[in-house]
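S.K.: Quick one: sequence and predicted model below, then my questions.
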4 protein chains.
Amino acid sequence: MSDIVRETGKRLRNWGRWGPDDERGTLNYISPETIVKAAGLIRRGAVFSLAIPFNAKGPQINQPRRFNPIHRMMITGPDCTTGAIPFPGGVGFSDDMVILPLQCATQWDALSHCFEDGVMWNGYSANEVSSRGAKRNGIDKVSAGVVARGVLLDLPRAKGVKWLEPGYGITADDLDATIAAQRVAVGVGDVLLVRTGHMTLCREQGGWGTYAGGDAPGLSFRSADWVQQKQIAAVATDTWGMEVRPNEFPDTYQPLHQVFIPNMGLTIGEIFNLDDLAEDCAKDGVFEFFFVAPPLPITGAVGSPINPLAIK
Amino acid sequence: MSDIVRETGKRLRNWGRWGPDDERGTLNYISPETIVKAAGLIRRGAVFSLAIPFNAKGPQINQPRRFNPIHRMMITGPDCTTGAIPFPGGVGFSDDMVILPLQCATQWDALSHCFEDGVMWNGYSANEVSSRGAKRNGIDKVSAGVVARGVLLDLPRAKGVKWLEPGYGITADDLDATIAAQRVAVGVGDVLLVRTGHMTLCREQGGWGTYAGGDAPGLSFRSADWVQQKQIAAVATDTWGMEVRPNEFPDTYQPLHQVFIPNMGLTIGEIFNLDDLAEDCAKDGVFEFFFVAPPLPITGAVGSPINPLAIK
Amino acid sequence: MSDIVRETGKRLRNWGRWGPDDERGTLNYISPETIVKAAGLIRRGAVFSLAIPFNAKGPQINQPRRFNPIHRMMITGPDCTTGAIPFPGGVGFSDDMVILPLQCATQWDALSHCFEDGVMWNGYSANEVSSRGAKRNGIDKVSAGVVARGVLLDLPRAKGVKWLEPGYGITADDLDATIAAQRVAVGVGDVLLVRTGHMTLCREQGGWGTYAGGDAPGLSFRSADWVQQKQIAAVATDTWGMEVRPNEFPDTYQPLHQVFIPNMGLTIGEIFNLDDLAEDCAKDGVFEFFFVAPPLPITGAVGSPINPLAIK
Amino acid sequence: MSDIVRETGKRLRNWGRWGPDDERGTLNYISPETIVKAAGLIRRGAVFSLAIPFNAKGPQINQPRRFNPIHRMMITGPDCTTGAIPFPGGVGFSDDMVILPLQCATQWDALSHCFEDGVMWNGYSANEVSSRGAKRNGIDKVSAGVVARGVLLDLPRAKGVKWLEPGYGITADDLDATIAAQRVAVGVGDVLLVRTGHMTLCREQGGWGTYAGGDAPGLSFRSADWVQQKQIAAVATDTWGMEVRPNEFPDTYQPLHQVFIPNMGLTIGEIFNLDDLAEDCAKDGVFEFFFVAPPLPITGAVGSPINPLAIK
């Protein structure tokens, strides 16, 4: 039954497209020209942060590996005001640290985050991602990204609902209809931000609930060809896992990841907070913007926490 | 002897300038207009990452609190290829985590990072920065920043040297001379990137040595008035601590921090890798660019690791 | 209303009892003689571990600071069997790490864990316990402890119930009645293990529930004088916080800690798993044993995870 | 050339000796009788901690995976004395946490720590030790250990030197000679503490130097048969890696581990601080004692930090 997954992956496989040594995948669709053109979208000087707060109240509830960020101080105001840690001349300092899974909040998946049959993007062995980190396709290989034109596709608004229901699989038709409703084009090298409203639902419910790993709206497996044809650089959603859950085929796990990451080399963003941006786009009718989301260049990392910015 | 520090701080104090509740300080100099204008500097679509690699070989050597990032895998390729951690349908995943001091590599200091006489920016008590984190002036308060015009001041190039020697204090005259040599203006709301060449020196020496906390070139305490007059939004350097070390007065510790952060409310960036950008600027003679460096919005954090981008 | 707390603390204060520089408190009641005598209790060669498992399913649920242990591998079997991390000659190795609050599971509180009016055991300032760790009264000061005679007081068994109800405060009379029922004496330098059955209740309920910080049975504040008179070296319970919760006085927080730790210098153990031991003691009627619970000598720590052993 | 390693391992293999499901290996040599007998060695009530301090100044210098313990406070005295974190009734609390590799300081290796040809103790696959931890042979399987008779073999004292030189491989003859010189017997179920003096050398040199991973004295590969014949429960040394370094054969890495752990099922202790104990044993001529070193029962861990106690 999972043959459709492998077949789709094989059909949409981009290996070698940007050379045998490529570790950037579809980010290669971004060119100096698309960046310069995207800069023209900065018209109002309005900046939107698309990150959720990084703290202990994040969505990682009862997950097997991922936990919410643990932020701890290493030196504090009271250390200084009491003189417990002395500084000369009236000055004082604080320092802090964080412990976090790189996939715990708003994030990029690196191309080393997902494998198919023991192989990852561009044909590298999954064994290149050992306990020593990713020798290939690490997030550090795209440290000067992601800078691109961004396009928000606000599915629930286009459909006139508050949010897509958990389990709703977004099809190519849905995407085209939203594009048409929003009068915006999707072009080569764009970063596509797909709003499902799932985070809005959590807000209304007053808690994350099963946001992490539970049922969720998301891209249908059947949108894979559409995404490939559009030649987008990256896709991100306001959900935990980008694709619809429950997954659409038995005996698979996140099958769209299996096509997007190891086969297409598509960078995926998750847990993006798109609500404020969506509100603004609905107001001014402009769903395109300059998009910047630099990963932390952690050597050999298979993902990165990010604070993506949309600038209009 | 430290009275000059307190006096300077008092003279340049910006408390209340942006209202009694402000927690953003000089980032307020950035306006929608300056952002739109800065976008016009994106002419070639060239992106420069100004972060050093985040890994175990970073500069935090023998520091009292700060250590280099500890990146560890939570699930790996070999877990999947051996079937030790099973997934259906041929897919496999990797995940990872990091433990890092927020000030260990390329970073923003939050306005809660430095105090004077028990008080921080805009008059808040340093005790607001307890082991629970910063209730005031946390990095999360500037999550939609920093987006601005950036200007590189390449001091060693302007002076015709490879780097400024450790202990060299950069004066207002030095800054003005560099501005003149580079034929670039510094304006309200700019982010100033001051290259000292100290990281170049480390590269040539083949190691970080005493980069973290040792002698270093940097801004002289006497540049404080100049910085205030320029109304810049933030200043960053390629050094560990922005200001010259050894510090210029006895019985002080990072006295320019004491003026900049708690008094002026100036955001400071440190450990910026400016060498590639400087090379490019020298080549095309353009020392201004669009600058984006979003902090991770860690709730209550007194700093943030960043991957600043300069886009030309 | 909290004056009774301060008055009791003052009345039972042991400061100076073992010299002005003492950092071991009531552990000083243990002498070479009591250790040799306790060794005579090793008659069957039966060893009981009193620790709960240290893992992600521990009791730290929704706590403000404490979290369950985060255990992660640093090199694994699959790294070796795949050759991803190569070793010569057929050998392979695994390594791992843990991140844990020192108070997250079975633990000793150090004498630096609790203060009264800014002062800790033996009169040292609480400011000696800064972000740099405990300069005084750290757990490292008792690294050769705790070796002593142990006595189990099995309250619910003596009372003929499965467990004491949450909110039940154990009085001196309860303790005396249990001692009488068990026909065991409590002597100078003993470690007292007080079983409330609260962990049994959690087992029966199938989860920790509000074990950490919620209502619980425990020592009544009014048992303080009894404890002082017995000259015990340490006391430990099968609960999160040793003393009865809710606390017995308004406007206090863990008032018995306030008496025991900073005033009496009593070492407290918490989250001890006493059920297996209790079962055995009930069977053979012997409630005394050789007790060994060495802390990890973490420099400046205010507590330590432990695996206490009772040897009969 | 490494065939001697595999051949020796095969010859000394104890698989199945304690049943097909055994995960405790040679700890099975310890019996209730040996424990009771060992208790008789507690004659003076003198307790010796054999752990080094767990702190940032530990021996893990420039190691690929292991780092020194990172101890950080989570709430401090100054938090309380300033009222920054308020408590009622004059009480205050501190809490802390630690991040540490389980093999960073004084430690037990679990039987899941070392593999040979993809297999570990008792024939289990090394793939059972995935990123999820050790499903087999984890340290949690020996949580009620290690309680036994301990014997110190003080090699340098028997030889009349301050320490064995790095590179010195301790032979069966050396061990027998020391036993003879010390007039102590080694019996079934004993824990053998082998002092090389390497930690003394570090103390004299004023730093750890290459203690972790560099040249060191230690057991010669040729002592393997002797160890097997003695039927000891565990062996520990005052060195980083128990066996002599450089290793005695080309194309091997810690070959004695390869024999001891996966083949014999022998528990190994490392980085034991034996100097104080050795001093005492030399003084009273008694080299045997009651030995207790409970591991932290971290579920699935391949090692554990410990504070071993020798009680005389």
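M.R.: Happy to help now that I have it. Numbering: from 1, shown residues only, chains lettered A, B, ... in the order given.

S.K.: Straight-line length of stretch A:281-300, end to end?
M.R.: 36 Å (CA to CA, to the nearest Å).

S.K.: residues of that stretch that come out buried?
M.R.: A:281, A:286-300 (16 or more other CB atoms under 10 Å in any protein chain shown). For glycine as for every other residue, the C-beta is placed from the backbone atoms N, C-alpha and C.

S.K.: Filter those residues down to the ones in helices?
M.R.: Applying DSSP state H to the buried residues of stretch A:281-300, the entries found in helices are residue A:281.

S.K.: Can you list which of the buried residues of stretch A:281-300 are found in strands?
M.R.: A:288-292 (DSSP state E).

S.K.: so how many other residues sit close to residue A:16?
M.R.: 11 (other CB atoms under 10 Å in any protein chain shown).

S.K.: Give me the distance between it and chain B.
M.R.: Separation of residue A:16 from chain B (CB to the nearest CB, to the nearest Å): 21 Å.

S.K.: Could you do residue A:72 as well?
M.R.: 8 Å.

S.K.: Now that residue. Its backbone dihedrals?
M.R.: phi -130, psi 150 (degrees, to the nearest 10).

S.K.: OK, contacts around the residue in the stretch 151-300 of chain A that chain D sits nearest to?
M.R.: In the stretch 151-300 of chain A, no residue comes nearer to chain D than residue A:300, which is 12.8 Å away by CB to the nearest CB. With contact taken as CB atoms under 8 Å, 6 or more residues apart in numbering or on different chains, residue A:300 is in contact with A:132-135, A:138, A:140, B:55, B:71.

S.K.: Can I get the residues you listed in a markdown table including distance to chain D?
M.R.: Formatted as a markdown table, those follow (distance: CB to the nearest CB, whole Å):
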| residue | distance to chain D |
| --- | --- |
| A:132 | 8 |
| A:133 | 11 |
| A:134 | 14 |
| A:135 | 14 |
| A:138 | 17 |
| A:140 | 18 |
| B:55 | 12 |
| B:71 | 11 |
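
S.K.: want to throw the residues you listed into JSON lines with secondary structure?
M.R.: Listed next are those as JSON lines, based on DSSP: H, G, I helix; E, B strand; the rest coil:
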{"residue": "A:132", "secondary structure": "coil"}
{"residue": "A:133", "secondary structure": "strand"}
{"residue": "A:134", "secondary structure": "strand"}
{"residue": "A:135", "secondary structure": "coil"}
{"residue": "A:138", "secondary structure": "coil"}
{"residue": "A:140", "secondary structure": "helix"}
{"residue": "B:55", "secondary structure": "coil"}
{"residue": "B:71", "secondary structure": "strand"}
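
S.K.: so which of those are also by chain C?
M.R.: Restricting the contacts of residue A:300 to those near chain C by CB under 8 Å from any CB of the partner chain leaves residue A:132.

S.K.: What segments of the stretch 1-150 of chain A are helices?
M.R.: Assigned by DSSP state H, counting those that start in this stretch, the helices in the stretch 1-150 of chain A fall at A:3-11, A:32-39, A:77-81.

S.K.: need the contact list for the residue of the stretch 51-200 of chain A found nearest chain D.
M.R.: Nearest residue of the stretch 51-200 of chain A to chain D, counting by CB to the nearest CB: residue A:78, 3.5 Å away. The contact partners of residue A:78, by CB under 8 Å, 6+ apart, come to A:84, B:126-127, B:129-131, D:76, D:78-79, D:81-82, D:84.

S.K.: And residue A:53, how far from residue C:218?
M.R.: Distance, residue A:53 to residue C:218, by CB to CB, to the nearest Å: 36 Å.

S.K.: hang on, I meant residue A:71
M.R.: 31 Å.

S.K.: Pick out whichever of these two has more residues nearby.
M.R.: Between residue A:71 and residue C:218, counted using other CB under 10 Å, the more crowded position is residue C:218 (29 against 22).

S.K.: show me what contacts that one?
M.R.: So residue C:218 contacts C:168-170, C:196, C:237, C:239, C:241-245, C:256 (CB under 8 Å, 6+ apart).

S.K.: Which member of those is positioned nearest residue D:99?
M.R.: The closest of those to residue D:99 turns out to be residue C:241 (CB to CB; 25.0 Å).

S.K.: what about the closest one, distance to chain A?
M.R.: From residue C:241 over to chain A the distance is 21 Å, taken as CB to the nearest CB.

S.K.: circling back to that earlier point, and the ones in strands among the buried residues of stretch A:281-300 near chain B, which?
M.R.: Among these, proximity to chain B is found for A:290, A:292 (CB under 8 Å from any CB).

S.K.: Turn the ones in strands among the buried residues of stretch A:281-300 into JSON lines, columns for distance to residue A:91 and pLDDT.
M.R.: Shown next, in JSON lines, are these (distance: CB to CB, whole Å; pLDDT from 0 to 100):
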{"residue": "A:288", "distance to residue A:91": "47", "pLDDT": "98"}
{"residue": "A:289", "distance to residue A:91": "41", "pLDDT": "98"}
{"residue": "A:290", "distance to residue A:91": "39", "pLDDT": "98"}
{"residue": "A:291", "distance to residue A:91": "39", "pLDDT": "98"}
{"residue": "A:292", "distance to residue A:91": "34", "pLDDT": "98"}
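
S.K.: and which of the ones in strands among the buried residues of stretch A:281-300 is nearest chain C?
M.R.: Among those, residue A:292 lies closest to chain C (CB to the nearest CB), at 31.7 Å.

S.K.: who in chain A is up against chain C?
M.R.: A:67, A:70, A:73-76, A:79, A:82-85, A:99, A:127-128, A:130-132.

S.K.: ok, 10 Å please
M.R.: Residues of chain A lying near chain C by CB under 10 Å from any CB of the partner chain: A:56, A:62-65, A:67-68, A:70, A:72-76, A:78-80, A:82-86, A:94-95, A:99, A:101, A:118, A:125-132, A:135.

S.K.: Can you say which of these are buried?
M.R.: Here, 16+ other CB under 10 Å leaves A:56, A:63, A:65, A:67-68, A:70, A:72-76, A:78-80, A:82, A:84-85, A:94-95, A:99, A:101, A:118, A:125-132, A:135 buried among those.

S.K.: List the contacts of the spatially closest residue to residue A:172 that is not a sequence neighbour.
M.R.: Leaving out its chain neighbours, the residue that sits closest to residue A:172 by CB to CB, 6 or more residues apart in numbering or on different chains is residue A:226, at 3.7 Å. Neighbour list for residue A:226: A:170-176, A:186, A:219-220, A:232 [criterion: CB atoms under 10 Å, 6 or more residues apart in numbering or on different chains].
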